[in-house]
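# need a 3D model of the following:
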Amino acid sequence: MPKLPRPETQYFGKIDLEKRRKIAEAKRDKLAKEEMDRLKRLHWRHCAECGMELEPFPFKGTTIHKCFNCGGVFLESGALEKLCGGERRIIESLLSIFKF
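So this is what the prediction gives:
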């Protein structure tokens, strides 16, 4: 006659399984963070068009990042609104281009 699993065996088995799942998730998250950090170090302040370094450039009360190789410009979050000032229609029409 086969042995039936005891309730406490199932209970502790579920706990062990949950611990293993959490460990696996932590490993996955760590790898994802490490990969994001690697990409950030590789691409931080580099032009998306040509890959050259971007130079900070003060412009109308904000800092833009300009590529002096190809002429590309990078605006950080909120810089476009700051540059356009109170011209709400311009801001909304430009931002609509970049929204998904």
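# all helices for the protein, in order.
Using DSSP state H, the helices assigned to the chain run over residues 7-43, 79-84, 88-98.
# quick one, what contacts the most centrally placed residue in the chain?
Geometric centre of the chain, nearest residue: Met36, 7.4 Å, by Cα atoms, centre = their mean. If a contact means Cβ atoms under 8 Å, 6 or more residues apart in numbering, then Met36 has no contacts. All C-beta atoms are positioned from the backbone trio N, CA, C, and that covers glycine.
# i'd like the first residue to be 393 from this point on
Shifting the count to begin at 393 puts that one at Met428.
# and the gap between it and Trp436?
12 Å (Cβ to Cβ, to the nearest Å).
# identify the contacts common to those two.
Between them, Met428 and Trp436 share no contacting residue, judged by Cβ under 8 Å, 6+ apart.
# from the helices of the chain, which stretch is densest packed?
helix 471-476 (a mean of 16; mean count of other Cβ atoms under 10 Å).
# chain center to that helix, what's the gap?
22 Å (Cα atoms, centre = their mean, to the nearest Å).
# turn the helices of the chain into CSV, including distance to Gly443.
CSV is the format used below for those (distance: least, Cβ to Cβ, whole Å):
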stretch, distance to Gly443
helix 399-435, 9
helix 471-476, 22
helix 480-490, 22
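# can I get these in TSV with mean pLDDT and distance to Asn461?
TSV is the format used below for the helices of the chain (pLDDT from 0 to 100; distance: least, Cβ to Cβ, whole Å):
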stretch	mean pLDDT	distance to Asn461
helix 399-435	86	15
helix 471-476	80	21
helix 480-490	65	23
